[in-house]
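K.L.:
The sequence and its predicted three-dimensional model are supplied below.
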Amino acid sequence: MEFNKEFDASGLACPLPIVKTKKALADMTSGQILRVISTDPGSVCDMAAFAEQTGHTLLEQGSENSKFVFFIKKA
């Protein structure tokens, strides 16, 4: 999937992946897509909840090279 910006949260523990994802999205315009990479297993539930609570869209989530990958579309 194509994306406009990437944020690598590898090695960060909860709640930092969400906090830094929120900051990364703040610099983006509506409709742009952020790719987030995380090693924190808790981020799987956290990203879905974050997107729902903030109005952003979690387009896709999966894993790649033992890391979790999320594509979030800014509201």
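P.N.:
Structure received.
K.L.:
What are the boundaries of the strands in the protein?
P.N.:
Applying DSSP state E to the chain gives strands spanning 5-8, 33-38, 57-64, 67-73.
K.L.:
Return the residues in contact with residue 39.
P.N.:
9-12, 66-68 (Cβ atoms under 8 Å, 6 or more residues apart in numbering). C-beta coordinates here come from the backbone N, C-alpha and C atoms, glycine included.
K.L.:
And the furthest pair within the residues you listed?
P.N.:
Pairwise distances across the contacts of residue 39 (Cβ to Cβ) peak at 15.4 Å, for the pair 12 and 66.
K.L.:
Settle it for me: which of the two has more neighbours?
P.N.:
residue 12 (16 against 6; other Cβ atoms under 10 Å).
K.L.:
ok, the more buried one - contacts?
P.N.:
Taking Cβ under 8 Å, 6+ apart, one finds 20, 38-40 in contact with residue 12.
K.L.:
what's the spacing between the nearest residue to residue 63 once chain neighbours are set aside and residue 28?
P.N.:
Leaving aside its sequence neighbours, residue 63 sits nearest to residue 69 (Cβ to Cβ, 6 or more residues apart in numbering; 6.6 Å). To residue 28, residue 69 is 17 Å away according to Cβ to Cβ, to the nearest Å.
K.L.:
what residue of the protein is the furthest out?
P.N.:
For the chain, the largest distance from the centre (Cα atoms, centre = their mean) belongs to residue 65, which lies 16.6 Å off.
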